[in-house]
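> coordinates only, sequence not included:
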C-alpha cells in the first residue's frame, strides 16, 4: 500500500485536476483508491463527473455544541467571558445564546456556569462520509462537512481509515487535500508516503507552496512539484523550478494555461477525456506517467527525494513561573 | 460596520475582490482591512506590501503541578482534543500540539493543580498601506505545523477591531467551517465570490447555507464570467434570496495584475475590469 497526498497551500490552483488525472491514469494498471480530503468544499466527485449519487453514505458526528437553557440562565455572563471562541452573545432580549456555527463544543462554558443544567452539550451532525465507484475502475471516498462545524482533521483521518480498510497490499491511495495548512491538510499529509505539491506561478501561490513544503519536511516526506498554468508567468515558473532544485523537490512537469480545463469542468468530464489532445491534457498525462515511473522505481526515488535532515514541528512554549 | 468577502471554493478571487474594494472604499473613510485567511494569507502579496508589526498569537497551554495532582482524571475527561493524556499511573500529561487552549482542564481541576502557560500558534501583523489610498491591513498567520485556526482568526479580528475605523473589510479563508463563520461574525454584508463552474456552484451553495444560518445578507460576485454557463448559479442564488450583483470578465489583465502584485484598479484603471470594481464599490457605498 502506498499513499500519496496532493496539496498546494493555496486554493484553486489545480489540486483536484492533478489528483483526478493521476488516479485515472494509475488505475489502468494498478489498484487505486481516491480520497477527497477537502471536506469543507469537496469537488473531486464533480471533476470525475459523478454528480451526487453515492453508493454508500454515513452520517458523521464527532463534534458537540453547547446550548444555554434560557429558563435556567441567571445571566451572570461567566460563560461568555471564558468562551475561547467568542461563540456566546447576548440577544436583543438580554438572553445569552450560543452561536452554533462558531461553537466547538469544548466544555469550558458548562464548567464555569454556576447553575446546574443551564448549559447543555448536545451532539451535532458534523458531516457525511460517503463512497462510490467510478467508471474509471477505482472507488472515491469523499466527505462533506456541515457548514459552520469545526474544520475536521478527524473526518479526513476517518476517510483514510476507510480507504485502508478496503485497500490491498498493492493499492495506491491518492489523497486530494484541502487548501491551506490547517488540520485537514495536516491529516491528509500525516502517514502519506509522498506528497505532490501543485503551484501556479503567482507570488501568492509560490508563498503558499513554501508553507506547505515546511509541513512535508515536518513529516520527513519526499515531495514533488507540478507547476500549473506555467506560461502565465514563465519567469516566476523558472524561479519555482530553481526553488524545487535547491530544496530537493522533484519536478514532475509544467501544465500550460489552457481553456480546455475550465471547459471540461463545466462539462463535468475529466479534461484528459473531454479534450485528450489539448496541451494541458497532454502535460497532465505526462505528469501522471512520471508518477507511474516513480512508483516503478519507488525505493530509489524515495531515497533520493526524502528530506536529508529531519525538521520536526516544535511548539513555541511560554512556561508559567516556577516551571 | 463590517463587510466580509468569502466564497466557499478556493481560488475564485476572494482576495482580488477584497483588495480592489479596499482601495476604492478607503478614499472616503477610515478603513481597516482584515486578512483572516490565516492558513494562507495573501492580501499583502496582492497589494505588494511587506507585513509589519508582528505580534505572537498565544493560547493557553496547561502545566501541571504534580505535587497538587490527586490523579482524579477529570482533566483528561473534559479534554476534547486528546491533548491531556492520562498515564497508567493516573498522572496527566499534556501534548502541546493537540491542545486547543480551551481551559476546560483548568476550570475542572478540583485542586488547582493546573497552571496557565502559553503556546504561540501564529502571528498577527499591522501594516500601513499606501497604494492608491491609505488604509490599515491586519493579517493573521497560522504557524506551519499548527492545525487549529479559530484562535488565530479571533486574534487577528480583535487586533483589526482595536483600530478605530468606519469600515472593516474582512477577507475570509476558503471553505465553510466555523473558522469562516468566526471571520464573518457580525457582518452587515457578505460578498461571496464564485466562478461559473459546477465546482464554484457547489461551494457557493455551501457558503450561502452558512450565511443564511447566520442571517447575514449576501451578494454574489461572478468572477471569470463568460467562462461557462451561469444559469444554474442564478437559480441557486435566487433560491437563497440573493443575487449576482457583479460580473468580472475572464481576462488576462487580472491575471497580470495578480502576478505583479498590483491591483487592477491601479494597474489598469480604465479597463472594463476596473469599471466593474468601481460599480461594485459604489453599490457597497449604498449599503454604508
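Received it, and whenever you're ready, just let me know what you need. Computed from a prediction, not measured in an experiment: that's the story for all the values here.

> separation between residue A:180 and residue B:212?
Between residue A:180 and residue B:212 the distance is 24 Å, computed by Cβ to Cβ, to the nearest Å. Where you see a C-beta, it was placed from the backbone N, CA and C, and this is true even at glycine.

> More neighbours: these two, which one.
residue A:180 (31 against 14; other Cβ atoms under 10 Å in any protein chain shown).

> Can you read off the pLDDT for that one?
pLDDT recorded at residue A:180 is 94.

> now do the one 3 residues further on
Model confidence at residue A:183, expressed as pLDDT, equals 93.

> Distance of residue B:163 relative to chain A?
18 Å (Cβ to the nearest Cβ, to the nearest Å).

> Just to check, that residue is in contact with residue B:32?
Yes - in this structure, residue B:163 is within contact of residue B:32 by Cβ atoms under 8 Å, at 5.0 Å.

> between these two, what contacts are shared?
Common contacts of residue B:163 and residue B:32, defined by Cβ atoms under 8 Å, 6 or more residues apart in numbering or on different chains, comprise B:136, B:138.

> The two: which has the busier surroundings?
Between residue B:163 and residue B:32, counting by other Cβ under 10 Å, residue B:32 is the more crowded of the two (24 against 15).

> Just the pLDDT for the residue lying closest to that one once chain neighbours are set aside.
Among residues not flanking residue B:32 along the chain, residue B:165 sits closest, at 4.3 Å (Cβ to Cβ, 6 or more residues apart in numbering or on different chains). What the model reports as pLDDT for residue B:165 is 97.

> per-residue confidence averaged over stretch B:232-240?
96.

> any bit of that stretch sitting next to chain A?
No - using Cβ under 8 Å from any Cβ of the partner chain, stretch B:232-240 never reaches chain A; the gap is at least 10.4 Å.

> Could you list the buried residues of that stretch?
Within stretch B:232-240, the residues scored as buried using 16 or more other Cβ atoms under 10 Å in any protein chain shown are B:233, B:236-237, B:240.

> Pull the residues that contact it.
So stretch B:232-240 is contacted by B:194, B:196, B:198, B:200-201, B:204-205, B:208-209, B:212, B:218, B:220, B:222, B:243-244 (Cβ under 8 Å, 6+ apart).

> Restricted to strands, list these.
Residues of the contacts of stretch B:232-240 located in strands (DSSP state E): B:194, B:218, B:220, B:222, B:243-244.

> Among those residues, the buried ones, what's the PyMOL command?
Listed next is the PyMOL selection for buried residues among the ones in strands among the contacts of stretch B:232-240, using 16+ other Cβ under 10 Å:
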select buried, chain B and resi 194+218+220+222+244
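
> Reformat the ones in strands among the contacts of stretch B:232-240 as TSV; add pLDDT and distance to chain A.
Formatted as TSV, those follow (pLDDT from 0 to 100; distance: Cβ to the nearest Cβ, whole Å):
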residue	pLDDT	distance to chain A
B:194	96	11
B:218	98	13
B:220	98	16
B:222	97	13
B:243	95	20
B:244	97	17
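
> Can I get the ones in strands among the contacts of stretch B:232-240 in CSV including distance to residue B:48?
Listed next are the ones in strands among the contacts of stretch B:232-240 as CSV, based on distance: Cβ to Cβ, whole Å:
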residue, distance to residue B:48
B:194, 26
B:218, 30
B:220, 28
B:222, 26
B:243, 33
B:244, 30
